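Peer 1: Any chance you can model this:
(chains A and B)
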Amino acid sequence: MLDLRQYASLGAALKDALERWPNETCLIEADRDREKARLTYSDFRELARPLCRALEDADFKAGDRAAIIMTNQSKWLISAYSIFFCGGVLVPLDYKLSAVEHLQLLAHSKARFLVVEYYLWRAITQSPEFSKLTVEIVLVTEAPAGADLRGAYRWEEFKRKGEPQFATRQRADTACIVYSSGTGGRPKGCVLTHDSYLEQCASLTAWYPFWPGVRYLSILPTNHAIDFMVGFVGPFVCGACVVHLRTLRPEFVRDAFVRYRITYVSLVPMVLKNLERGLRAKFAELKPAKRMILDRLIGLNKMLTRARPHVEFSRRLLPQVHRAFGGELRALIVGGAFTEPSTLQFFYDLGIPVTCGYGLTEACTAVTLNDLKPFRADTVGKPLPGTEVRLLNPDGDGIGEVAVRSRAVMSHYLDDPEQTAQTIVEGWLLTGDQGRFDVDGRGHLQLVGRKKNMIVTEGGKNIYPEDIEAVFDGLPVKEFCMFAANYLWPQKTLGNEMLVLVLRLEQNQQFDDKLREEMVERNRRLADFKRVGGYLVWEKDFPRTASLKIKRGELAAEIGVDAARAGVVGI
Amino acid sequence: MSAPTTDHTLDEVLNLAASHFKVPREKLTPDDDFFKTLGIDSLQALDLLTRLEHHFRIELPDYELQGVSDFRTLANRIQARL
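Peer 2: Predicted structure coming up:
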C-alpha cells in the first residue's frame, strides 16, 4: 500500500494510487446479475480527468464545498476523487433522507456544487421547498434523454479537454463535512480534516490490510463513514478493488459474493441477521445424519479457531458454507450499531470471522475494532493504533462514559461552537456511550448503554428523537416530547432501542381513538427506521426554561423515576 | 393486451403480500403501512419487491421502494412500469 505518512491530503494519496496501479481493477459495477462496468485505476483516472477540468472551468476552487447524493456506484467515487483533486471539501449526504432534508443539509453545508442521481434530483425538484435550493451548479447522473433537469447539467456531459491542475491541500484543511444526523432542528456536520482520514486509514489498514486482488463488496451507503473509508479510501490506497451493486436485494448480494469472489464486506446488523437466518434455515433442512456431521465439523472448527482464525483451514473443513460466500471471504465487517454476540459467534464458528467494531462519525470511522486475537463476540474490540480511549467517572462496576482522543477525531461541528464545546472537552471526544473495559486486561471495550437521548437502528442509522418531533407538531395535546426508551430507563445493555412519544394531555382531555389515529397517521409519514415505537401519557406539565424550552434532561429524569418502561403503549 | 387497471394491480399486490408473508388477505388494506402490518424490515420488503417483479414481469429498481410504505403507492409504482 501507499505510505500514507508522506501525503498531505486525501487527494494527493488517491492521485498517486491511480498512477501506482494503472492496470489493476479498481471498480466493478453490477446491476443484479449484469456487469455494467469494470474499470482499472488508469480508466478511473481517464474518466475523472475531464470532470476535474470542467470543475476548474466552472470556478470550483480549493476549499469550495461540493455535496454528493447518490447510491453506491462508480460515479460516486469518480466525483469524490475529482472534488478532492480540485482541493474541494466533500459533503456526502445520505441518499435515504427526504428531499426536504436534502435541501436543509445542502443549505447548512453551504455547498456550491451538487452531484446527484436523477431519481433523487427529481424528488428534490418536486419538493415544495425547491425554491430554497442554495447550490449553484448541479450535476445529475443517469438522467433519461429529454428529461427536464431544471437548470442542472448532465454529469456525463460535464467535461472539458485538457490537463487539470492538482490543488495542493494541507493536513489540517477540511476534507469532508459529514452529517452524523440532526436533520430536524440542529444539523450536526462533523468537520473532518485530511489528517483525520489519513491517520484513520493508516490505523485500519495496519490491522486489516488490503492489497491488489482484494475485492471489497460495497453495500453500506458510501456516504456513511464506514463505506467511505473501507469501500473507497482504504482499497484505493492499497490498489484493491471495490465492487458496487445497484441493488441490495438479498438474493443478488448473495450471488455477488460468489460471482466476484469477495474478500471483505461491511454490513449492518440487520443484513448480518438476514444472512444468519438464511443459513440456519438451510441447516434445518439437512437430513439428521448430515446435520450431525455438520455440527461435528463446526465443533471442530470452533476448537481449532479458539485462539485466532484459520481461514484456509476453515474453508477446507466447511467447504459448502464457504463456497456460498465465494470461497475467498476473509472477514465480514459489521458496524454502525449493536450486534447480538450470538450472531457474531454463529459466523465465527463457521470459520467466517466477523470484525465487530465501534465508531462514530465524530471520530472519523472507528474507535475500536476486534483484532481477532482472539475473537471476542461480547466486546467491540480494542482501541485502534493511535487511539486513546478513557472511561469518564466510572462507577463501582467500572462503567463510565467512553471518551476518545486521536488525530482521527473531527475538528468541530460546522458552525456550532456550542455543540462542539459540549462534545469535545479538553481534546477528548465525549461519545455519550457507556462502556467498560473487559477484565481480561487486554483493552477490550464493552459497550453497555447510552447516555445520550438517541438510538442507533439495526440498519446503522443514528436517530435523535428531537429530530422526529417536527412530524408531530400540532398534535392535539397540551404538549409532547420525544425520547429514546433507553435514555428514560437506562439499561446496562444495548439493543431493544425504540422511540417513545411522551404526551401531556389538556385538562379534561381523554386519550381517544381519534388521537391514536392521528399519531399513527403522522408516524407513517416518517421513514420506517425513524418511526416511534410507543407512547406514554404523562400526568404533569413539562419543566421548561425561562425561554419556554422543555428541560429534556429534567423531564427524562422525572419520567425515569415515576413511570415504568412497561407503561409504554405500542403505536 | 392492455395493462391491467390500478385497482386490479393493487388487488394482486395485496394478494401476493398476504401469501408471501403468510397473513390472512382480509387483514390487509390498501393504505396499510406494510412494514407494520406485515411486521417486516426493509430487507424483507425488498424480498417482496422481487416477488412482485416475477409476478408482473417487470423490473423495479430498489429506489422505487424508497419512501414507500403503503400498498397503494407501491401498486401505483408498479402500474407505471406495466
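
Peer 1: Please identify the residues of chain A in proximity to chain B?
Peer 2: A:71, A:96, A:98, A:119-120, A:123, A:246-251, A:270-271, A:274, A:458-459, A:524, A:527-529, A:531 (CB under 8 Å from any CB of the partner chain). Yep, even glycine has a C-beta here, placed from its N, CA and C like the rest.

Peer 1: Just grab the bridge partners of the nearest residue to residue A:568 once chain neighbours are set aside for me.
Peer 2: Closest residue to residue A:568 apart from its sequence neighbours, by CB to CB, 6 or more residues apart in numbering or on different chains: residue A:534 at 4.0 Å. Applying DSSP bridges to residue A:534 gives these bridge partners: residue A:500, residue A:570.

Peer 1: so where is chain A shaky, pLDDT-wise?
Peer 2: Applying pLDDT under 70 to chain A picks out residues A:181-185, A:336-337, A:492-495, A:547.

Peer 1: how's it carved up into domains?
Peer 2: Split into domains by automatic domain parsing, chain A comes to A:8-259, A:268-450, A:464-570.

Peer 1: Just put the ones you listed in a markdown table and tack on distance to residue B:40 and mean neighbour count.
Peer 2: Formatted as a markdown table, the domains of chain A follow (distance: least, CB to CB, whole Å; neighbours: other CB atoms under 10 Å in any protein chain shown):
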| stretch | distance to residue B:40 | mean neighbour count |
| --- | --- | --- |
| domain A:8-259 | 13 | 20 |
| domain A:268-450 | 11 | 18 |
| domain A:464-570 | 9 | 16 |
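
Peer 1: What separation is there between residue A:478 and chain B?
Peer 2: Remark: distance between residue A:478 and chain B (CB to the nearest CB, to the nearest Å) = 27 Å.

Peer 1: need the contact list for that residue.
Peer 2: Neighbouring residues of residue A:478 by CB atoms under 8 Å, 6 or more residues apart in numbering or on different chains: A:504-507, A:509, A:541.

Peer 1: which one of those is nearest residue A:433?
Peer 2: In terms of CB to CB, no member of the contacts of residue A:478 lies closer to residue A:433 than residue A:504, at 29.9 Å.

Peer 1: Which parts of chain B are helices?
Peer 2: Using DSSP state H, the helices found in chain B span residues B:6-20, B:34-37, B:42-56, B:71-81.

Peer 1: looking at those helices, which is closest to residue A:331?
Peer 2: Closest among the helices of chain B, using CB to CB: helix B:42-56, at 21.3 Å.

Peer 1: Name the residues of the closest one that are buried.
Peer 2: B:42-52, B:56 (16 or more other CB atoms under 10 Å in any protein chain shown).

Peer 1: Show the average pLDDT along it.
Peer 2: Per-residue pLDDT values across helix B:42-56 average out to 88.

Peer 1: Quickly check: that helix near chain A or not.
Peer 2: Yes - with CB under 8 Å from any CB as the measure, helix B:42-56 is seen reaching chain A through B:42-43, B:46-47, B:49-50.

Peer 1: Residue ranges in chain B under the pLDDT threshold?
Peer 2: Residue ranges of chain B with pLDDT under 70: B:1-4.
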